[in-house]
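Novice: What follows is a predicted structure for the sequence shown.
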Amino acid sequence: MMKAVILIMDGLGDRPCKTLSGMTPLQIARKQLLDRLAVEGETGLVDVISPGLPNGSDTGHLAILGYNPFDNYPGRGPFEALGAGIDLRSGDVAFRCNFATVGPDGVIVDRRAGRITSEESAALARDLSEMSLPDHPDVRIIFKPTVEHRGVLVLRGSHLSPRVADTDPHQEGARVIEPNPMDSTEEARTTSEILITFLRKASQVLANHEINRKRIGSGLPPANHLILRGAGQFRALQPIQQRFGVGCAVVAGGALYRGVCRAAGFDVMDVAGATGTYDTDLGAKVQAVMSAVKSYDLVLLHVKATDTASHDRNPARKKEMIERVSQSLGPLYELAGSGEIYIAVTGDHTTPSEIGEHRGDPVPILIWGPDVRRDCVERFDEVSCSRGGLHRIRGVDIMPIISNYLGKMEMYGE
Ligand code: ZN
Ligand code: ZN
């Protein structure tokens, strides 16, 4: 049975960098194995959503998984909530949130509450989740902390709406915003009322919490407020098994990637040391992929740090991360040499590492496998792959192409 592995290096695409003699990090990186896959496979460029449109990681991954992001994007909150392990139901409204330090005048002193520890936020969260609201007894409040000051909030009930304002002003020194309704529906008004009541009660609980009394005693900023952003209402996606006939698993450290994949019906593998940061254990992730590929048709491997280096405006660090990823693929390449595994490598958007923000340039892709039509491209980078046999495709084309190689695409017509 043929299998496939898709490696997504986040924010992989780049532009020529002055500090790299006018090359992109991918062009200058010593990445023997990735180049070998390009030599032996076929390559091209991907407009992840559409040419020139800078996309987020959430919409980019949706597209790569084969879902039109304009029809299927619920906002970031639900993906983060799924990635945090919450079992969402259709109609749930989910938010990303931060513990923050807010002064008596409602002005944000620290958006991250001094980066409180995960242990502290877990203790605070125990007193916030499942809080009851007397005026809305039918609404369930689910709050789950993730890493450090971050967490997710889910409202479960009937007649809720994601059309409420972010309360996070996204900068310190600004006032916390009221979660006002953003349209005139009954649902938006109710959701706004629920949030106002919940956030007021949450602030009271936090103000008197033992953890915060200790923090103030030690001269640390208290986590006395929750600020919300990224509201979205969850709607189940058609499972990827139904769309493309493949059973899928994902190996990723970051909650967002785990969440998008869960929404599409992937099983999420837990790998110790997969952190979603520079220090992620690539060897352990590749081993997890190699074991998952025994039981699944397709395994997605996500590496975040290439995008992190781009946002840190550090082209050299991005190059180094690409080199590390290439080296870590050795065992997978050996396993795939048995002739039963396709390997695809691409990115979810371009993040030029001298700009530090996402841009709409296409990203390179390669597909390697036993019977792909080998093209003349000998390197895996933004420029070389523009001469490849896949030419220029869209993100939503990737899954049909791979599913076709796996022999799972249904014929159209007779
Ligand atoms: Zn991304
Ligand atoms: Zn990014």
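Specialist: Cool, got the structure. These numbers come from a predicted model, not from an experiment. Ligands and ions are numbered 1, 2, ... in the order given.
Novice: Show me which residues of the protein are close to ligand 1?
Specialist: For the chain, the contact set with ligand 1 under Cβ under 5 Å from the ion comprises D10, S57, D307, D348. (Glycine included, C-beta is placed from N, CA and C.)
Novice: farthest pair in the residues you listed?
Specialist: D307 and D348 (8.1 Å; Cβ to Cβ).
Novice: where do the contact lists of those two overlap?
Specialist: Shared contacts of D307 and D348, defined by Cβ atoms under 8 Å, 6 or more residues apart in numbering, are found at D10, G11, L12, S57.
Novice: Contacting ligand 2 as well, which ones from these?
Specialist: Answer for the shared contacts of D307 and D348 near ligand 2 (Cβ under 5 Å from the ion): G11.
Novice: If we only consider the shared contacts of D307 and D348, which is nearest to S338?
Specialist: Closest to S338, out of all of the shared contacts of D307 and D348 and judged by Cβ to Cβ, is L12, at 27.1 Å.
Novice: which residue sits closest to the closest one, ignoring its sequence neighbours?
Specialist: In space, L12 comes closest to G347 once its chain neighbours are excluded; the distance is 2.7 Å by Cβ to Cβ, 6 or more residues apart in numbering.
Novice: ok, now how distant is the residue in the stretch 101-250 of the chain that ligand 2 sits nearest to from ligand 1?
Specialist: Ligand 2 sits closest to G230 of the stretch 101-250 of the chain, with a gap of 14.4 Å, by Cβ to the ion. Using Cβ to the ion, to the nearest Å, one gets 15 Å for the distance from G230 to ligand 1.
Novice: heads up, I number from 409, so please use that
Specialist: Noted, 409 is the first residue going forward, which turns the last one into G638.
Novice: and the helix or strand encompassing that residue, how far out from the chain's middle?
Specialist: Here G638 is covered by strand 633-641, with elements defined by DSSP states H and E. Distance, stretch centre to chain centre, for strand 633-641: 17 Å (Cα atoms, centre = their mean, to the nearest Å).
Novice: Work out for me the element K693 sits within.
Specialist: Going by DSSP H and E, K693 is part of helix 690-700.
Novice: Now do that helix: which elements does it pack against?
Specialist: strand 656-659, strand 706-711, helix 723-736, helix 738-744 (3 or more Cβ pairs under 8 Å, 6 or more residues apart in numbering; DSSP states H and E).
Novice: Thought A696 was touching P739, still the case?
Specialist: No. Contact criterion Cβ atoms under 8 Å: P739 and A696 do not qualify, at 11.4 Å.
Novice: neighbour count winner among the two?
Specialist: A696 (22 against 13; other Cβ atoms under 10 Å).
Novice: Convert the C-alpha atoms of stretch 431-446 to CSV, please.
Specialist: Extracted in CSV, the C-alpha atoms of stretch 431-446 (Å, rounded to 0.1, in the frame of the first residue of the first chain):
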residue,chain,number,x,y,z
MET,A,431,20.2,34.6,-1.9
THR,A,432,17.2,33.3,0.0
PRO,A,433,17.8,31.2,3.1
LEU,A,434,16.6,28.1,1.2
GLN,A,435,19.0,28.9,-1.7
ILE,A,436,22.0,29.3,0.5
ALA,A,437,21.3,26.5,2.9
ARG,A,438,23.4,23.3,2.7
LYS,A,439,20.5,20.8,2.5
GLN,A,440,21.8,17.8,0.7
LEU,A,441,18.8,15.6,1.3
LEU,A,442,16.2,18.2,0.3
ASP,A,443,18.2,18.8,-2.9
ARG,A,444,18.4,15.1,-3.6
LEU,A,445,14.6,14.8,-3.3
ALA,A,446,14.3,17.7,-5.8
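Novice: Buried residues, that stretch. List them.
Specialist: Neighbour-count burial for stretch 431-446 flags 431-437, 439, 441-446 (criterion: 16 or more other Cβ atoms under 10 Å).
Novice: With stretch 420-430 instead?
Specialist: For stretch 420-430, by 16+ other Cβ under 10 Å, it's L420, G421, D422, R423, C425, L428.
Novice: And it, how far out from the chain middle?
Specialist: Centre to centre, stretch against its chain (Cα atoms, centre = their mean), the figure for stretch 420-430 is 24 Å.
Novice: what sits up against it?
Specialist: 431-436, 714-715, 718, 723-724, 726-727, 730, 754-763, 767, 769-772, 790.
Novice: And the helices and strands packed on helix 690-700: which comes nearest Q579?
Specialist: The nearest among the helices and strands packed on helix 690-700, by Cβ to Cβ, is helix 723-736 at 26.3 Å.
Novice: Does anything pack onto the closest one? Which helices or strands?
Specialist: strand 411-417, helix 433-436, helix 440-448, helix 690-700, helix 713-719.
Novice: quick check, nearest of the buried residues of stretch 420-430 to N620?
Specialist: L420 (41.3 Å).
Novice: Tell me how far the closest one lies from ligand 2.
Specialist: On the measure of Cβ to the ion, L420 and ligand 2 end up 11 Å apart.
Novice: beta partners of that residue?
Specialist: T758 (DSSP bridges).
Novice: sorry, back to before: ok, the residue nearest to L420 - how many residues close by?
Specialist: 27.
Novice: OK, contacts around it?
Specialist: I416, M417, D418, G419, L420, G421, V456, T714, V771, P772.
Novice: which residue does this structure bring closest to ligand 1?
Specialist: Counting by Cβ to the ion, the chain gets nearest ligand 1 through S465, at 2.9 Å.
Novice: what's the closest non-adjacent residue to that residue?
Specialist: Going by Cβ to Cβ, 6+ apart, S465 has D756 as its nearest residue, at 5.5 Å.
Novice: from memory the one you found sits against I773, does it?
Specialist: No. At 11.2 Å, D756 and I773 do not qualify as touching, with contact defined as Cβ under 8 Å.
Novice: still on that earlier bit, and D715 and D756? which has more neighbours close in?
Specialist: Higher neighbour count among D715 and D756: D756, with 31 against 23, using other Cβ under 10 Å.
Novice: Report the separation between the two terminal residues of stretch 535-554.
Specialist: 15 Å (Cα to Cα, to the nearest Å).
Novice: The strand holding G638 pairs with which strands, parallel or anti?
Specialist: strand 501-510 (antiparallel).
Novice: on contacts alone, who are the packing partners of the helix or strand following the strand it pairs with?
Specialist: The first helix or strand that comes after strand 501-510 along the chain, using DSSP H and E, is strand 516-518. Judged by 3+ Cβ pairs under 8 Å, 6+ apart, the packing partners of strand 516-518 are strand 501-510.
Novice: Please consider this matter closed, and thank you.
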